[in-house]
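> What follows is a predicted structure for the sequence shown.
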Amino acid sequence: MTTSRRRVMTKPGLKRTFQRLLRHYGPQHWWPADAPFEMMAGAVLTQNTAWSNVARALSNLTKRGLLAPETIIELPNERLAELVRPAGYFNVKARRLKNFCAWYLEQGGYEVLSSLATPDLRRRLLSVNGIGRETADDILLYAFNRPVFVIDAYTRRLFTRLGHICGSEDYETLRNMFETKIGPDVPLYNEYHALIVRHAKEICRKLPRCSECCLALHCPFSV
DNA sequence: ACCCAGGGTCATA
DNA sequence: TATGACCATGGG
């Protein structure tokens, strides 16, 4: 007898929550990018930033045919900062983007990186100044199709309010928990994270600081 | 005018 | 290990 059998009036499981989100919102088609490198650049630029702003920054680069590690690495910091300006933190992000590009080229590019085992690839991503846990995991999942469950602030809030976690667990603990409970499943992780973000945009902006209902699936304003 | 966004680094205790 | 300051644009 599995443990899921014991749910009576309690919270829905992780997969159940996923099904409800998917049924309500439909597939989100993440990550919005035409190529792995574009996805990775977007991951750096979207740190604590609305995607609409990131899209402008990416557009500034693509319009000029500059969205490649070889070209970005050659741009003067001031010029790159001006191009990514709409994404905010432009000085910081110009530097981080360059750091990443330098690393990416010195590692040998996408094909070489693809041949690495996930833990190794993750460690190398984290060694880049400007790539933290969440950004590394975004890249692992959406650019390298690795079964890595991304933990962001929305994920914490949602599952805290659903009662799965207390919320103060550290990043690795939560990632491990979700990956263990769900099991390795790239398409599911992909869609799940996208749906969580979609749900947050949908509900949370309408109900700022709603500690009880916001992001909770049983909430009348929710799914 | 205020709040927030698809975080991360660095200095400090 | 764990806070806090800092980075900065654009939309609600």
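Thanks, I have it. Treat the numbers as computed from the prediction; the structure is a model and nothing was measured.
> give the contact list for residue A:52.
Neighbour list for residue A:52: empty [criterion: C-beta atoms under 8 Å, 6 or more residues apart in numbering]. The way it works is simple: take the backbone N, C-alpha and C, and place the C-beta from them, glycine included.
> What mean pLDDT does the helix or strand harbouring it get?
Using DSSP states H and E, residue A:52 falls within helix A:51-63. Per-region confidence: helix A:51-63 scores 98 on mean pLDDT.
> And it, what's buried?
By neighbour count on 16 or more other C-beta atoms under 10 Å, the buried set for helix A:51-63 is A:53-55, A:57-58, A:60-61.
> next one: stretch A:108-126
For stretch A:108-126, the neighbour count (16+ other C-beta under 10 Å) marks A:113, A:121-122, A:125 as buried.
> So that stretch, near DNA strand C or not?
No - Stretch A:108-126 is not in contact with DNA strand C by C-beta under 7 Å from any atom of the strand; minimum separation 14.7 Å.
> which residues are in contact with that stretch?
With C-beta under 8 Å, 6+ apart, stretch A:108-126 has contacts from A:36-37, A:69, A:103-104, A:107, A:131-133, A:135-137, A:139-140, A:143-144, A:146-148.
> Give me the subset of those lying in strands.
The strands, defined by DSSP state E, take in nothing from the contacts of stretch A:108-126.
> Show me what from chain A comes close to DNA strand B.
For chain A, the residues in contact with DNA strand B (C-beta under 7 Å from any atom of the strand) are A:30-32, A:42-43, A:46-51, A:53, A:88-89, A:92, A:128-136, A:138, A:142, A:152-154, A:197, A:200-201, A:204, A:208-209.
> Done for today, thanks.
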